[in-house]
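> turn this into a model:
(chains A and B)
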Amino acid sequence: MKPELLAPAGDLERLKVALLYGADAVYIGGTQFSLRFRASNFTLSEIAAGVKFAHALGKKVYVTANIVMHNDDLGGLDAYLSDLEKMGVDAVIASSPYVVDRAIQHPRLAIHLSTQQSVASSVLVNFWGKMGVSRVVLAREVSLEEIKMIKSATNVELEVFIHGGMCSSYSGRCTLSNDMTNRDANRGGCAHSCRWNYDLYRYGELLSNGADFQMASKDLQTIRIIPDLIVSGVTALKIEGRMKSLHYIATVVNAYRRVIDDTLSHHLLPWNEYENAIAKAENRKTSSGFLVGELSYEQQLYQQGIIEPSQDFVGVILDYDAITKIATIGQRNVFKDGDTVELFTPDNRNELLIIQNLQDADGNPVKIANHAMQILRMPICQTVKLYDLLRKVP
Amino acid sequence: MRIVVTLHSLLEMKQMSALGADVFLVNSDCLSTKTMKCFSKMDIATIIEEAHQINKLVYVNLNTIIHEPDIPILEAFLSFLAATNIDGIVCFDLSVVALAEQYGLNDKIIYQPGTMNTNSYDPWFFRKLKIKGITLSKDITLAELIAIGENYQGMEISLVGHGYSFLFYSKRLLLKSYFEYRGKPVPNLSNCDGFRLIENQRPEEMYPIYEDGFGTHIFRSRKLQSFNEVKVMRPYLSDFFVDRMFIEDEEYYASIGAYKDETNELLFLNRYGNSYDSGFYYQKNKERDHI
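Numbering: from 1, shown residues only, chains lettered A, B, ... in the order given. Predicted structure coming up:
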């Protein structure tokens, strides 16, 4: 069975990019009831536009309503779910029993159970299935072997994380942020206290060295495990990161799209082909997390966790006139006349271009594109399309 | 309202009972974590028998996340419990709820996930499952606790209202990993209650950190006490849990008596009050729209 590749989207532009670069479905947050408060959450009209775009491609949109609800949060949920159902949203992602029970009243909305519930057994998957949930997002702490065991004991759809950031704690059970910063981790305010540096003491004796005790993990990266995950029969493979950039989403989605399709067509390339593709946008250290079994210190994040992506994302194609062969480019990072850039497209054309004859929107020559989000024009012989990306070759 | 205390030894039972304990909470040696003392099945059977002889109740604490390989262990344990007169099964993971019905134990289950039980609808949801009760979330305010209590009658509601509240539970072995990362020998972590974390922006706060085979736990830097709040919440609470983790025996015993008698409460606060606070009772966390 071909699993669904599920990608995050922080706004409508990233939703379109995720779907164009190979996602089968996207998950997004509305302005209510959703974690990840900084993820540029969608208004209702933006959700409707996203659904229309996705359905035109035969793809799906899921909306998160995954906060752990307090009494103050309960109001307005029914109306919100009605709106989502009317606009054709395919599923709502819930963690609170209240959301599950209310969503059941909206039969055209499937209910997916969030990883906030930290489901790690088939017994619990089936429990939620009986409660009306059609899909369970498994805890990020389950191993590949456990996934296989769970799958063999349930007919409920399973979704597993394959890439991106991971909570160090079991999801939904952490209140570090609540205590340390007064920001509610389970209602979208997580301050990521688990990613801070700490000193470790034992009975008053300092054991750490310059506050080098950390509890954070490296991000998840599972390129080499995808074939096993496909065999396991899970329904969906999920990429984390509603706060990630357009370039990151395009790059990571496209790499996993390729590895899934290449696995199923028995034309897998050497692993480093896919891993190098991801490295063009990845800026965090990665590991395979719990999927390969028990962890060691090598999966933990000590010292500096940031690495440089191997390629800078410099611009996005916004328009192309096939007659004049002039492309309109949205600037994203500095580039200049004479630079060699790679044209990164959903169909992986990956052609090289030389930046030349760059102009601003008024037709004035531009030698260095160093104004954030500037609209530029440039002749490009190859046909390009909306949301093709330009990234600088080192 | 019953006072639930953590039992470390059969020998404590009568003393704790005299202090006002109504229920003894015991940790299993198979599916209990963040505990300084566990009991075998045989021990638990004996504790149940002896507690019932003095008209006290016994709850068993199953506070791990249940992974698939744990299911046969859980089934065996529930099968054992079904043959006892256990009074309550406190569980952290709904897998226990899902399995308990097969053993005729669903009316013994108290779902205590630490977080999650945060609104007035949750008790209604769990009543459908015919379980004994739920423990309200440790991170909600007193006003929220009261609102839930006022809204609902018909299933037992409980609170963990005393001791070091846990903030974090990871499957990762964070202490072991850290020592390995530093290339240092891993010390004996078993039952070690002496590890603390300090974050440099909060130098006055020392967060207990504890590791066992199920993972790593981090706790609030200060202990929670609920003497005033219990007076308000008493009409709604069936069980009030007095947590024991990291607390010396003498202080722990004093705390049990303090919830039964106001004179004892004053004595307790005079002696130990400086290391306690009111937790999240009056600390309304900022939610997403307000950040």
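
> CA only for contacts and neighbour counts going forward, please
Will do.

> what number of residues lie near the closest residue to A:Ala255 other than its chain neighbours?
In space, and not counting its chain neighbours, A:Ala255 is closest to A:Tyr274: 5.6 Å by C-alpha to C-alpha, 6 or more residues apart in numbering or on different chains. When counting by other C-alpha atoms under 10 Å in any protein chain shown, one arrives at 21 neighbours for A:Tyr274.

> same question, B:Asn264
16.

> buried set for the host helix or strand of it?
Taking DSSP states H and E as the definition, B:Asn264 sits inside helix B:262-272. Going by neighbour count (16 or more other C-alpha atoms under 10 Å in any protein chain shown), the buried part of helix B:262-272 is B:264-265, B:268-269.

> ok, now stretch A:225-241?
Buried residues in stretch A:225-241, counted by 16+ other C-alpha under 10 Å: A:226-227, A:229-230, A:232-241.

> now stretch B:209-220
Here stretch B:209-220 shows B:209-212, B:214-220 as buried, counting by 16+ other C-alpha under 10 Å.

> residues contacting that stretch, please?
Stretch B:209-220 is contacted by residues A:179, B:33-34, B:64, B:164-175, B:189-193, B:195-197, B:207-208 when judged by C-alpha atoms under 8 Å, 6 or more residues apart in numbering or on different chains.

> give the buried subset of these as a PyMOL selection command.
Of those, the buried ones go into a single PyMOL selection, burial set by 16+ other C-alpha under 10 Å:
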select buried, (chain A and resi 179) or (chain B and resi 33+34+64+164+165+166+167+168+169+170+171+172+173+174+175+192+193+195+196+197+207+208)
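
> what is A:Tyr201 paired to in the beta sheet?
A:Leu206, B:Arg196 (DSSP bridges).

> and the pLDDT at it?
If you check A:Tyr201, the pLDDT there is 97.

> just flag the most distant two among the buried residues of stretch B:209-220.
Farthest-apart pair in those is B:Phe214 and B:Arg220; separation 19.5 Å (C-alpha to C-alpha).

> which ones among the buried residues of stretch A:225-241 lie within helices?
Residues of those located in helices (DSSP state H): A:226-227, A:229-230, A:232.

> dump the residue contacts of B:Val23.
B:2-5, B:56-59.

> among those residues, name the ones in strands.
Counting by DSSP state E, the part of these found in strands is B:2-5, B:57-59.

> before we move on, the earlier item: closest to A:Pro107 among the buried residues of helix B:262-272?
Closest to A:Pro107, out of all of the buried residues of helix B:262-272 and judged by C-alpha to C-alpha, is B:Glu265, at 54.0 Å.

> A:Leu19: which element?
Going by DSSP H and E, A:Leu19 is in helix A:12-20.

> just the C-alphas of that helix, formatted as CSV.
This file holds the C-alpha atoms of helix A:12-20, laid out as CSV (Å, rounded to 0.1, in the frame of the first residue of the first chain):
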residue,chain,number,x,y,z
LEU,A,12,-1.4,29.3,2.2
GLU,A,13,1.7,29.7,0.2
ARG,A,14,3.4,26.8,2.1
LEU,A,15,0.3,24.7,1.7
LYS,A,16,0.5,25.1,-2.1
VAL,A,17,4.2,24.4,-2.1
ALA,A,18,3.9,21.3,0.0
LEU,A,19,1.3,19.9,-2.3
LEU,A,20,3.1,20.9,-5.5
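
> verify the contact between A:Ser121 and B:Ile65 for me.
No. Taking contacts as C-alpha atoms under 8 Å, A:Ser121 lies outside contact range of B:Ile65: 9.1 Å.

> would you put the C-alpha positions of stretch A:109-123 in CSV?
What follows is stretch A:109-123, C-alpha atoms only, in CSV (Å, rounded to 0.1, in the frame of the first residue of the first chain):
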residue,chain,number,x,y,z
LEU,A,109,-15.1,15.3,9.0
ALA,A,110,-12.8,12.4,9.8
ILE,A,111,-11.2,12.5,13.2
HIS,A,112,-7.5,11.9,13.6
LEU,A,113,-6.1,11.5,17.1
SER,A,114,-3.1,13.8,17.8
THR,A,115,0.2,12.5,19.0
GLN,A,116,-0.6,14.7,22.1
GLN,A,117,-2.4,11.6,23.4
SER,A,118,0.9,9.6,23.2
VAL,A,119,-0.7,6.4,21.9
ALA,A,120,1.9,3.6,22.0
SER,A,121,-0.2,0.4,22.1
SER,A,122,-2.7,-1.4,19.8
VAL,A,123,-5.1,-1.6,22.7
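
> work out the gap between it and the centre of the chain.
18 Å (C-alpha atoms, centre = their mean, to the nearest Å).

> repeat that for stretch A:129-149.
Using C-alpha atoms, centre = their mean, the offset of stretch A:129-149 from its chain centre is 19 Å.

> what comes up buried for that stretch?
A:129, A:132-149.

> also stretch B:115-126?
B:115-124, B:126.

> now swap in stretch A:317-329 and tell me
Quick answer for stretch A:317-329 (16+ other C-alpha under 10 Å): A:317-320, A:326-329.

> name the residues that touch it?
Against stretch A:317-329 from outside (C-alpha under 8 Å, 6+ apart): A:315-316, A:330, A:375-390.

> PyMOL command for the buried members of those?
Selection of the buried residues among the contacts of stretch A:317-329 in PyMOL, burial being defined by 16+ other C-alpha under 10 Å:
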select buried, chain A and resi 315+316+330+375+376+377+378+379+380+384+385+386+387+388+389+390
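
> just checking: what are the partner strands of the longest strand seen in chain A?
Longest strand of chain A, by residue count under DSSP E: strand A:312-321. Its sheet considered, strand A:312-321 pairs with strand A:326-331 (antiparallel), strand A:389-392 (antiparallel) by DSSP bridges.

> the inter-axis angle of the longest helix along chain A versus strand A:312-321?
Scanning chain A for the helix with the most residues, using DSSP H, yields helix A:246-264. Using axes from the mean of the first three to the mean of the last three C-alpha atoms, to 10 degrees, the inter-axis angle of helix A:246-264 relative to strand A:312-321 is 90 degrees.

> give me the helices and strands touching helix A:246-264, please.
If you count contacts as 3 or more C-alpha pairs under 8 Å, 6 or more residues apart in numbering or on different chains; DSSP states H and E, helix A:246-264 packs onto strand A:4-8, helix A:12-20, helix A:226-232, helix A:271-279.

> domain parsing of chain B, as residue ranges.
Domain assignment of chain B by automatic domain parsing yields the ranges B:2-164+B:222-290, B:166-219.

> and the shortest one, how far apart are its ends?
In domain B:166-219, first residue to last residue: 4 Å (C-alpha to C-alpha, to the nearest Å).
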